[in-house]
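S.K.: turn this into a structure:
(one chain, ligands or ions: 1)
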Amino acid sequence: SDYQCLKVETRGRVGIITMYRPEALNALNNQLTSEITAALRAFEADPNIGAMILTGDGKAFAAGADIKEMQPKTFSVVYSEEFITATWEELTRTRKPVIAAVNGFALGGGCEFAMMCDTIFASEKAKFGQPEIKLGVIPGSGGTQRLTRFVGKAVAMDMILTGRMIDAEEALRIGLVARVYPPEQLMEETIKAAEQIANYGALAVMAAKETVNRAYETTMSEGVRFERRLFHGLFGTADQQEGMAAFLEKREAKFTGR
Ligand code: HXC
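M.R.: Residues are numbered from 1 along each chain as shown. Alright, predicted model coming up:
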């Protein structure tokens, strides 16, 4: 492939994007983030792909924005180019589910990237943190908002004000991650879950993701109403007919994404 900072592969209906900058713990420079955007778009457009995994090569998921690239930037530059949304936010626009498989350091923008994914699975060696305060700044890609909503104010303030890292066990306890595996099992188990999702009806999967995300954007009553409308809408799909018929006939459903 044409990627310099990524390894991109497929396993059945699962697309896997591995961040690969071994010299810098997968620090998120412009090249790497642009390539992630391109890879996400390609999988999003591919009807054979039903779910994606974002992970990192080596001992890091990603150690944050590239500090070497960031250091010389001035206010006028970061403000006028809206650093860093242009190349970073594709993850939040993706309609197919994306699981972050966090194998090691997920710091700063790396932690923010993981939180932009739909769920996070971690290895026992994973470390999460928002250390931007140590660099004289604050999280700039949603960290203050997503972390606070996901784990609550006390832990978010602790992590963002002190910059301390938390390990996988603490991340699991506070609800930042869904599952923790021994390092050598992380990818295999994440692929299994992604494959499971990818084999369900694609419209129901898309609707489930959209509706859960809605919970962070609206009130309870509007969210429940939104859910009800999409729930009703799924009765217009072939996959609803097939899924329920298969249950009654005691056989496996064959979903078609229609
Ligand atoms: C550029 C980085 C980097 C980064 C590591 N490296 N993190 N380069 N940007 N974020 C480079 C190191 O300079 C070093 O290069 C090589 O990767 C290996 O790192 P070491 O520090 O030698 O490894 P280790 O001692 O194991 O320490 C690991 C670490 C540490 C604890 C993760 O690297 C670290 O603290 N990194 C910075 C983490 C951070 O502050 N992230 C937040 C960035 S701000 P050389 O050439 O010396 O071998 C951010 C803001 C996002 O993300 C806002 C979005 C808009």
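
S.K.: who are the packing partners of the helix or strand bottoming out on mean pLDDT in the chain?
M.R.: Least confident helix or strand of the chain, by mean pLDDT, DSSP states H and E, is helix 85-88 with a mean of 80. When contacts are defined as 3 or more Cβ pairs under 8 Å, 6 or more residues apart in numbering; DSSP states H and E, helix 85-88 sits against helix 30-45. From N, CA and C alone the C-beta is placed, and that goes for glycine too.

S.K.: next structured bit after the helix it packs on?
M.R.: Using DSSP states H and E, the helix or strand that follows helix 30-45 in sequence is strand 51-56.

S.K.: how far is the helix or strand just after that next one from where the chain is centred?
M.R.: Using DSSP H and E, the next helix or strand after strand 51-56 towards the C-terminus is strand 60-62. Distance of strand 60-62 from the chain centroid (Cα atoms, centre = their mean, to the nearest Å) equals 13 Å.

S.K.: tell me which strands strand 60-62 pairs with, and in which orientation.
M.R.: Using DSSP bridges, strand 60-62 pairs in its sheet with strand 105-107 (parallel).

S.K.: the strand it pairs with close to the ligand?
M.R.: Yes. Applying Cβ under 6 Å from any ligand atom, one finds that strand 105-107 is in contact with the ligand at 105, 107.

S.K.: ok, back up a step: tell me which helix or strand comes right after the least confident helix or strand of the chain.
M.R.: helix 90-93.

S.K.: near the ligand, which residues of the chain?
M.R.: With Cβ under 6 Å from any ligand atom as the criterion, the chain meets the ligand at residues 24-25, 27, 63-68, 84, 105, 107-109, 131-132, 135, 139-141.

S.K.: let's go with 5 Å and repeat that
M.R.: 24-25, 27, 63-67, 84, 105, 107-109, 131-132, 140-141 (Cβ under 5 Å from any ligand atom).

S.K.: now, those residues that are in helices?
M.R.: 67, 109 (DSSP state H).

S.K.: now, of the residues of the chain next to the ligand, which are buried?
M.R.: 24-25, 27, 63-66, 84, 105, 107-109, 131-132, 140-141 (16 or more other Cβ atoms under 10 Å).

S.K.: of those residues, the lowest pLDDT goes to which?
M.R.: On pLDDT alone, residue 84 ranks lowest of those, at 83.

S.K.: how about that one: what's its closest non-neighbour residue?
M.R.: Computed as Cβ to Cβ, 6 or more residues apart in numbering, the closest residue to residue 84 that is not its neighbour in sequence is residue 141, at 5.8 Å.

S.K.: quick check: that neighbour touching residue 88?
M.R.: Yes. In this structure residue 141 lies within contact range of residue 88 using Cβ atoms under 8 Å: 5.4 Å.

S.K.: who touches both of the two?
M.R.: With contacts taken as Cβ atoms under 8 Å, 6 or more residues apart in numbering, the residues that reach both residue 141 and residue 88 are 109, 113.

S.K.: alright, calling it a day.
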